[in-house]
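Participant: starting from these lines, generate the structure:
(one chain, ligands or ions: 2)
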Amino acid sequence: MESLISKLAIDSLFPRFCLGCHAEGTLWCLTCSINWWPAPVRFGCPFCGKGSLQFVCVDCKGESFLDGLSVFVHYGNPVVREAINQWKYIGDKTVNDILFRWIVRAAPALQPPFSQPVFAPVPLHRFKCRARGFDQAGVLADWCGQIYNQPVFDLLVRTRQTASQAQKSHEVRKLGELDGLFCINPQAIEIPEEVVLCDDVFTSGATMDAAARCLKDNGVKRVWGLVIAKGNL
Ligand SMILES: [Zn+2]
Ligand SMILES: [Zn+2]
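Facilitator: Numbering: from 1, shown residues only. Ligands and ions are numbered 1, 2, ... in the order given. Okay, here's the model as predicted:
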């Protein structure tokens, strides 16, 4: 009873609107949960868009470390963009359940082409993680481990904070500004052959590629990426 009262009090202070249809009262209404589903993402090289596969193309292969990417939705999708913003910046844990259900439903399409992968987050710097209260990439990696019944390890540690602008540029990858951004977690017991890196959003891919590089430099053979949304630059 007490929790119901406090819930009503919170709802009246912060009225909620459906992410899909903006109806007041709930973050995800029954109608939207039945009818809404995003348009499928067009396959193509995660870095240049060429081709019709999720694999990194031959042209980009020479200068990148990631082998391919599974994407739930394009970041331009307003429903998913708003969900990610509320999840990440407002820290709304209710969005957790909504996103989890989407990922469960999309799981067959997102399945990485590896037989025995280990799922690992692209970690935030610990200061940022502390400020935000949770690491959304870690949450996504945990979901994937659960959904695909595979292990989840915190294989990487982020060594420094980067300006978010720096991560958006295509060029930083080539300039090496993100070199050494990640190192292997000293607590990692073994290095798996296949790793699927999880993150919420992929834009230029510079950050994820820096993570993939660290893994490959340390003996991982194949690295796939799995993200909720892929944006344009
Ligand atoms: Zn709705
Ligand atoms: Zn390419």
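Participant: residues of this structure that sit close to ligand 2?
Facilitator: Taking Cβ under 5 Å from the ion as the contact definition, the chain meets ligand 2 at Cys45, Phe47, Cys48, Lys50, Cys57, Cys60. Where you see a C-beta, it was placed from the backbone N, CA and C, and this is true even at glycine.
Participant: pretty sure the fourth one sits against Val56.
Facilitator: No: counting by Cβ atoms under 8 Å, Lys50 does not reach Val56; the two are 9.7 Å apart.
Participant: ok, those two, which is more surrounded?
Facilitator: Val56 (27 against 13; other Cβ atoms under 10 Å).
Participant: give the contact list for that one.
Facilitator: Counting by Cβ atoms under 8 Å, 6 or more residues apart in numbering, Val56 touches Cys45, Pro46, Phe47, Ser64, Leu66, Asp67, Gly68, Leu69.
Participant: nearest to Cys18 among the residues you listed?
Facilitator: Distance ranking of the contacts of Val56 against Cys18, using Cβ to Cβ, places Leu69 first at 29.7 Å.
Participant: how much space separates that closest one from Val56?
Facilitator: Relative to Val56, Leu69 is positioned 8 Å away (Cβ to Cβ, to the nearest Å).
Participant: and what of Val201?
Facilitator: 18 Å.
Participant: also Ala39?
Facilitator: Remark: distance between Ala39 and Val56 (Cβ to Cβ) = 23 Å.
Participant: again, but for Leu178
Facilitator: 17 Å.
Participant: now the strands for this structure?
Facilitator: 68-74, 118-121, 156-158, 182-184, 194-202, 222-230 (DSSP state E).
Participant: okay, and for the protein, where does confidence drop off?
Facilitator: Where the chain drops to pLDDT under 70, the residues are 1-14, 129-130, 163-176, 233.
Participant: biggest helix in it by residues?
Facilitator: Determined from DSSP state H, the single longest helix within the chain is helix 94-110.
Participant: list the helices and strands that one packs on?
Facilitator: Applying 3 or more Cβ pairs under 8 Å, 6 or more residues apart in numbering; DSSP states H and E, one finds that helix 94-110 contacts strand 68-74, helix 78-88, helix 136-148, strand 222-230.
Participant: repeat the analysis, applying 7 Å as the threshold.
Facilitator: Packing contacts for helix 94-110, counted by 3 or more Cβ pairs under 7 Å, 6 or more residues apart in numbering; DSSP states H and E, involve strand 68-74, helix 78-88, helix 136-148.
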